[in-house]
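S.K.: Below are the sequence and a predicted model; questions follow.
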Amino acid sequence: MKNQKTILLVDDDSDYLFQIKFQLERFGYKVISADGQKEAEVLLQTIKPDLAIFDLMMENEDSGFILCYKMKRRYPDVPIILATAVSAETGFSFGINSEEERKWIKADLYLEKGVRPEQLQMEIAKLLKV
Amino acid sequence: METLDVLVVDDEPGIRSGVSRILRNFSVSYPFMDDDIQFNIIEAATGEEALDIINSKPPAIVLLDNKLPGMQGIEVLDYINNNQLDILVTMITSYASLDLAVKATNIGAYDFVPKPFTPQELKASLENIAKHYFLRRMTRKLHKEGKQVRFQFLTVLSHELKSPLNAIEGYLQMMQEKQAGDSIDAYYDMIDRSLSRIKSMRSLIMDLLDLTRIESGKKKREFVELDLGLVAKSAIDTMLPLAVQFDVSIILENNLTEPFMADPEEMEIILNNLISNAVKYNKNGGSVVCSLSNTSNDLKIVISDTGYGIDINDIPKLFHEFSRIHNTSTKNVSGSGLGLSIVKRIVDMYKGNIEVQSAINEGSSFIVTLPLKNIVEDIAGI
């Protein structure tokens, strides 16, 4: 397909990976997936996706934050969605709404896992400006 | 109902009474709290007056106007910071002085509310600050009581329990909406994956039951003189289907000469866990040796495999709850992450010892040493 956008999807839950990959492909995106921070870092050496979706807690509980940071340093223009279930599970909430949080969380959008596929598609389209 | 003191520092009486009115019937609830939080408003018209109150009866929260007749709000904030008081500060500032508000949050104010504010804005800010206050106090309390670990355990546990549910729910939704088309064939993969998540969730729950029984001390321990060889044999039989699936052979070497007093169920848990690990983390065509022996003092259980081996840096983490070692060789191995921590607890109860020897790509040995005598004497009351 022409102009097909590539999304890098990183999550250590193979089922989440399977499901989101399935949805994204249904929406016409090309998906490259990795099941952890290390694998994603290796991939990022050679590919530049159009957008990335990271889980937060993978090998380490801050793997997602670290990936955001490294990715933005390499490709500052590629939007990142941080998708986690942290708030629902722990009650600890954080976001990227305040200036202070944006200073250290280098993601463009923070999404709770479990959003409807259509909403995910909408958010992606917004970030890709299509 | 829990009440937090809120000190409102503002030279305008209208603002003070407005805040009182807005917060009088306001309460905050939070799933982690037993009680709702409500607010008791204390008023101060000047910074000096505020400091008097802070010194005599420190409030939990201070709503602080910056522009005060004498001492400025920011100085009150400084005072609170410098004295490391356990008080959260929200600055009330006019829109014209937003710079200042940002500066204030940088030097330690928790939040700021621009003036004029709506009741809703004030309530939202108070809700945030009350939750933050609660969490901070909770964390401190947990630290104090050494319960931090427990709290983390529950957090991880809820993650481990919810993620299979989320996965299965996801697959069911995909099927419900026929996202892969009308043919059931297209969904086999999803069904298999769902079933395998259910299976691992069940084993987590079983492990969890073991763990709670051990931890609570409520499980009735029955010490009998037992033939550990038989327990090992039954554990091996239980693992056989798994071993066949992985094409792994299990060999039992029983060199026991001394009788051993123990709780059969506990020994079963140790052997089941170690043998199933040795099978799961093995290579195709590999083998597991379960060797039982004793000296006059100790009983020794050695479970050796010919599997991937464990990185030396990962060994200390092995016995922590939910600390499954993630790497490319282990990513397809399912497990609750509790097995070894359960084994360790039991071994500790017997005043025994467990150690690991491992070489990458050659295999690992788990060596459990349990004192023969102590147990027998404890039980016999000698």
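M.R.: Structure's in. What do you need?

S.K.: what's the neighbour count on residue 35?
M.R.: Since no chain was named, I'll use chain A. Applying other Cβ atoms under 10 Å in any protein chain shown, we find 21 residues neighbouring residue A:35. Every residue, glycine included, has its C-beta placed from N, CA and C.

S.K.: You answered for a different chain; I wanted chain B.
M.R.: Residue B:35 has 11 nearby residues by other Cβ under 10 Å.

S.K.: ok, now residue B:199?
M.R.: Neighbours of residue B:199 using other Cβ under 10 Å come to 12.

S.K.: That one and chain A: what is the separation?
M.R.: 13 Å (Cβ to the nearest Cβ, to the nearest Å).

S.K.: just the strands in the stretch 1-150 of chain B please.
M.R.: B:2-9, B:27-28, B:37-44, B:61-65, B:88-94, B:111-115 (DSSP state E, counting those that start in this stretch).

S.K.: from chain A, which residue is nearest to chain B?
M.R.: Using Cβ to the nearest Cβ, residue A:15 is the residue of chain A that sits closest to chain B, at 3.5 Å.

S.K.: Distance of residue B:82 relative to chain A?
M.R.: Counting by Cβ to the nearest Cβ - residue B:82 and chain A are separated by 22 Å.

S.K.: and that residue, how many neighbours does it have?
M.R.: Quick note: residue B:82 (other Cβ under 10 Å) scores 9 neighbours.

S.K.: pLDDT score for it?
M.R.: In this model, residue B:82 is scored at 86, pLDDT.

S.K.: Check residue B:335 too.
M.R.: So, for residue B:335, pLDDT stands at 69.

S.K.: Residue B:79 now?
M.R.: 90.

S.K.: List the contacts of it.
M.R.: Residues near residue B:79 by Cβ atoms under 8 Å, 6 or more residues apart in numbering or on different chains: B:51, B:54.

S.K.: how near is it to residue B:87?
M.R.: For residue B:79, the distance to residue B:87 equals 10 Å [Cβ to Cβ, to the nearest Å].

S.K.: low-scoring stretches of chain A, by residue?
M.R.: Applying pLDDT under 70 to chain A flags residues A:1-2, A:61, A:85-105.

S.K.: All the strands of it, in order from the start?
M.R.: A:6-10, A:30-34, A:51-54, A:80-84, A:109-112 (DSSP state E).

S.K.: The first one: partners in the sheet, and parallel or antiparallel?
M.R.: Strand A:6-10 has the following strand partners under DSSP bridges: strand A:30-34 (parallel), strand A:51-54 (parallel).

S.K.: Mean neighbour count, those strands: which tops it?
M.R.: Greatest average neighbour count among the strands paired with strand A:6-10 goes to strand A:51-54 (a mean of 26), per mean count of other Cβ atoms under 10 Å in any protein chain shown.

S.K.: residues in contact with the residue nearest to residue A:52 when sequence neighbours are not counted?
M.R.: Nearest residue to residue A:52, sequence neighbours excluded (Cβ to Cβ, 6 or more residues apart in numbering or on different chains): residue A:8, at 4.3 Å. Shown in contact with residue A:8 (Cβ under 8 Å, 6+ apart): A:32-34, A:40, A:43-44, A:47, A:49, A:51-53.

S.K.: switch to 7 Å and redo it
M.R.: If you count contacts by Cβ atoms under 7 Å, 6 or more residues apart in numbering or on different chains, residue A:8 has them with A:32, A:40, A:43, A:49, A:52.

S.K.: my guess is the fourth one meets residue A:79, correct?
M.R.: No. Residue A:49 lies out of contact with residue A:79 (Cβ atoms under 7 Å); the separation is 9.7 Å.

S.K.: all helices for chain A, in order.
M.R.: A:14-26, A:37-46, A:63-74, A:86-90, A:99-104, A:117-128 (DSSP state H).

S.K.: now those helices as TSV including mean neighbour count?
M.R.: Putting these into TSV (neighbours: other Cβ atoms under 10 Å in any protein chain shown) gives the following:
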stretch	mean neighbour count
helix A:14-26	19
helix A:37-46	16
helix A:63-74	19
helix A:86-90	17
helix A:99-104	11
helix A:117-128	15
